[in-house]
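[1] coords below, sequence missing:
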């Protein structure tokens, strides 16, 4: 079983709409989470981190973490065509330095 | 923004041959990483490297794998000999330090095809 699971596998939203992505960890050692985004032909690029329970907002992106359930989500408000990409949830434990465990990704398509 | 460069973007070799994947990390970064992504699967940690030494490696980092960064030049991943299951996209990444709260900067990846 993958230690970091993402849903849905893919998501289509209209331009201006809200995209919601989910991520769950099966390992209680994972307490810190990152969201990375990868456009076609490029490497992953860090979007934002969330290390504490609750919400964290950066521009149009809001992450939410619930450590008790090991669930983290990412919400993209006012989605733009440039948000079309593969989104990865990545987790790490306090003792793992910067060794990220990635999910398989959610492909987001923003329809103009 | 800061960029990690990977050379080449695609490498095709015959099974059993040696291959070297090259990475030019962000200039002031001290920690370097290799990740492996097989088509349709998640990206997986291979190794991280600091101050000339391997700090951590995963089970995927087989004995045939080695990394080095001689005299501040490219950070390289060498596979000798290659096997069919080494076919994947290999991503290099770097960070200023190895702190948990620090983002990694990834290159575009090198697609390795072992025939």
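    Thanks, I have it. All values derive from a computational prediction rather than experimental measurement.
[2] A strand includes residue B:71, no?
    No: judged by DSSP: H, G, I helix; E, B strand; the rest coil, residue B:71 forms no part of a strand; its state is helix.
[3] Let me know how buried it is, in neighbour terms.
    Residue neighbour count, defined by other C-beta atoms under 10 Å in any protein chain shown, stands at 5 for residue B:71. Glycine gets a C-beta too; all of them are placed from N, C-alpha and C.
[4] swap in the one 4 residues further on?
    Neighbourhood size, residue B:75 [other C-beta under 10 Å]: 24.
[5] Mind pulling up the pLDDT for the spatially most central residue of chain B?
    For chain B, the residue sitting closest to the mean C-alpha position, by C-alpha atoms, centre = their mean, is residue B:34 at 3.1 Å. At residue B:34, the model reports a pLDDT of 97.
[6] Once you drop chain neighbours, what's closest to it?
    Closest residue in space to residue B:34, ignoring its immediate chain neighbours: residue B:46 at 4.3 Å, by C-beta to C-beta, 6 or more residues apart in numbering or on different chains.
[7] Tell me if I'm right that the one you found and residue B:62 touch.
    No: in terms of C-beta atoms under 8 Å, residue B:46 does not count as a neighbour of residue B:62; the distance is 9.5 Å.
[8] Pick out whichever of these two has more residues nearby.
    Regarding residue B:46 and residue B:62, a neighbour count based on other C-beta under 10 Å identifies residue B:46 as having more, with 24 against 13.
[9] Sheet partners, orientation included, of the helix or strand harbouring that one?
    With elements taken from DSSP states H and E, the one containing residue B:46 is strand B:43-50. Based on DSSP bridges, the pairing partners of strand B:43-50 within the sheet are strand B:31-37 (antiparallel), strand B:53-57 (antiparallel).
[10] pLDDT averaged over it, what's the number?
    94.
[11] still on that earlier bit, quick one: contacts for the residue nearest to the centre of chain B?
    Taking C-beta atoms under 8 Å, 6 or more residues apart in numbering or on different chains as the definition of contact, the neighbours of residue B:34 are B:21, B:23, B:46, B:47, B:67, B:77, B:90, B:91, B:92, B:93.
[12] switch to 7 Å and redo it
    B:46, B:47, B:67, B:77, B:90, B:92 (C-beta atoms under 7 Å, 6 or more residues apart in numbering or on different chains).
[13] I'd like to know how far it sits from residue B:86.
    12 Å (C-beta to C-beta, to the nearest Å).
[14] Residues that sit against both of those two, list them.
    Any residue near both residue B:34 and residue B:86 by C-beta under 7 Å, 6+ apart counts here, and not one turns up.
[15] pLDDT below threshold where in chain A?
    Counting by pLDDT under 70, chain A has low-confidence residues at A:1, A:94-97.
[16] The spatially closest residue to residue A:66 that is not a sequence neighbour and residue B:32: what is the separation?
    By the measure of C-beta to C-beta, 6+ apart, the closest residue to residue A:66 outside its immediate chain neighbours is residue A:53, 6.4 Å from it. From residue A:53 over to residue B:32 the distance is 32 Å, taken as C-beta to C-beta.
[17] which ones are touching residue 23?
    You didn't pick a chain, so chain A it is. A:4, A:6, A:33, A:72, A:73, A:89, A:103.
[18] actually it's chain B I care about, not the one you picked
    With contacts defined as C-beta under 7 Å, 6+ apart, the neighbours of residue B:23 are B:4, B:6, B:74, B:75, B:76, B:92, B:107.
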